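> I need the structure of the sequence given here:
(one chain, ligands or ions: 1)
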Amino acid sequence: MPFTLLIHGGAGNITPAIMDKELEDDYSQALKEALDKGYAILQKGGTALDAVVAAISTMEDDPLFNAGKGSVFTKKGLNEMDAALMDGSNLAAGSVAGVRNIKNPIVLAREVMLHSGHVMLSGSGAGEFALSQGIEMASDEYFFNQSRYDQWLEIRHTNFTQLDHKADNLKGHHPLPNPGEKFGTVGAVACDEYGNIAAGTSTGGMTNKRFGRIGDSPVIGAGTYANNASCAISCTGHGEPFLRACVSHDISCLMEYRGLSLKEACDKVIKDKLVKIGGEGGLIAVDAKGNYDFCFNSAGMYRGMRNSEGKELVAFYG
Ligand code: ASP
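Numbering: from 1, shown residues only. The predicted structure follows:
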């Protein structure tokens, strides 16, 4: 069977106007590194699930992305992260929400899936579980990132939340992001040589988020979903509309019950249904035959793919 890996590093107001050559090179390199790590696993006969975890943890370790090390700050000046992982071969899933000081939240999501007897753990309880399982922790200093901190300083006195790659919801409180600012929730989907698919997503959420806000990323069927009978999906964008539209499960249902192709189902939800409720963002998708799609209604999405037929792509803009 052919195998395929797709990754994203966030969708939003990503245009040539906010990028420069150096930043483009940095993102290309970071996306390629994540593709390399994930693809090497598929090439060695590894599983889609392991490829997804490898690609995502590589991006979590890179401060360019809003996940793991590069996570944004909450209203209280903390880093609270969300992540989810799903195995399309058996519908097993694991997710964590609002976790702190976890070096790789996607690794903890896998641990939840395999060894907790539950699907979703949150906050301090998830932290306790992480300690009991010997999951790698990291200090607050590890997560400190000056540009994320500056983004937060600019809006901490307001009640606005901000997608780290979208500044125009600030109604004049904030200029467009400067070149050099760092963006991006991360995700990966893969189809392995056994015809199994998997999806994962990891994020720091939205800058200045309050009250333990949780986005779509760790919610199975909203930001993350995988089912061999339909598709594997990882979303990025403004989480609230993605939650209300149950984006990833809706796409799966359109394929499974209405017989739509992967592309038709993604277009229907991202370019029609989501737009009608004001949702901005996108997703990566793959099915068990290795068909794939990048779909977004925003200006851009950091994205990449590689497959066993020799196709490879890294791109940012629409
Ligand atoms: N969807 C994420 C959230 O709302 C943010 C993002 O994709 O950048 O938490």
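> helix, strand or coil: sort out the closest residue to the ligand within the stretch 1-150 of the chain for me.
Going by C-beta to the nearest ligand atom, the ligand is nearest to Gly10 of the stretch 1-150 of the chain, at 5.0 Å. Using the backbone N, CA and C atoms, a C-beta is placed for each residue, glycine as well. Here Gly10 is recorded as strand under DSSP: H, G, I helix; E, B strand; the rest coil.
> okay but it is in contact with Ser234, surely?
No: using C-beta atoms under 8 Å, Gly10 is not in contact with Ser234, being 11.1 Å away.
> would you mind listing what in the stretch 101-250 of the chain touches the ligand?
With C-beta under 6 Å from any ligand atom as the criterion, the stretch 101-250 of the chain meets the ligand at residues 163, 185, 203, 205-206, 215-217, 223, 236-239.
> quick one: the helices in the stretch 151-300 of the chain?
239-244, 247-258, 262-268, 274-276 (DSSP state H, counting those that start in this stretch).
> now the stretch 1-150 of the chain
Going by DSSP H, counting those that start in this stretch, the stretch 1-150 of the chain shows helices at 21-43, 48-60, 105-115, 123-132, 140-143, 146-155.
> quick check: pLDDT value at Asn159.
pLDDT recorded at Asn159 is 78.
> let me see the contact set for it.
208, 210 (C-beta atoms under 8 Å, 6 or more residues apart in numbering).
> switch to 10 Å and redo it
Applying C-beta atoms under 10 Å, 6 or more residues apart in numbering to Asn159 gives the contacts 75, 208, 210.
> again with Ile102
Contacts of Ile102 by C-beta under 10 Å, 6+ apart are 60, 68, 79, 81, 83, 96, 108-109, 126-127, 130-131, 135-138, 143.
> just Asp36 next, same as before
Residues near Asp36 by C-beta under 10 Å, 6+ apart: 5, 54-55, 58, 306.
> which residues touch Glu128?
Leu121.
> same check on Tyr194?
Residues near Tyr194 by C-beta under 10 Å, 6+ apart: 1, 3, 45, 47-48, 89, 228, 288.
> got any residues that touch both of Gly10 and Ser234?
185-187, 282.
> out of the residues you listed, which are inside strands?
In strands, judged by DSSP state E, the following of those are found: 186-187, 282.
> with neighbour count, pLDDT and distance to Gly38 as extra columns, can I get those residues in CSV?
Formatted as CSV, these follow (neighbours: other C-beta atoms under 10 Å; pLDDT from 0 to 100; distance: C-beta to C-beta, whole Å):
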residue, neighbour count, pLDDT, distance to Gly38
Val186, 35, 98, 11
Gly187, 34, 98, 11
Gly282, 28, 96, 19
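> quick revisit: quick one: which of the contacts of Asn159 is most hemmed in?
Comparing these on neighbour count, Asn208 comes out first with 24 neighbours (neighbours: other C-beta atoms under 10 Å).
> right, and Ile106 touches Ala188 too?
Yes: contact between Ile106 and Ala188 holds when scored by C-beta atoms under 10 Å: they sit 8.8 Å apart.
> which one's more surrounded, these two?
Ala188 (34 against 31).
> next up, the contacts around that one.
Here Ala188 is in contact with 5-8, 34-35, 37-38, 48, 51-59, 85, 106, 198-202, 232, 234, 284, 286, 304 (C-beta under 10 Å, 6+ apart).
> thinking again about what came up before, put together JSON lines for the helices of the stretch 151-300 of the chain, with mean neighbour count on each row.
Formatted as JSON lines, these follow (neighbours: other C-beta atoms under 10 Å):
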{"stretch": "helix 239-244", "mean neighbour count": "21"}
{"stretch": "helix 247-258", "mean neighbour count": "21"}
{"stretch": "helix 262-268", "mean neighbour count": "20"}
{"stretch": "helix 274-276", "mean neighbour count": "16"}
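> now the ones you listed as a markdown table including mean pLDDT?
Formatted as a markdown table, those follow (pLDDT from 0 to 100):
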| stretch | mean pLDDT |
| --- | --- |
| helix 239-244 | 96 |
| helix 247-258 | 98 |
| helix 262-268 | 98 |
| helix 274-276 | 97 |
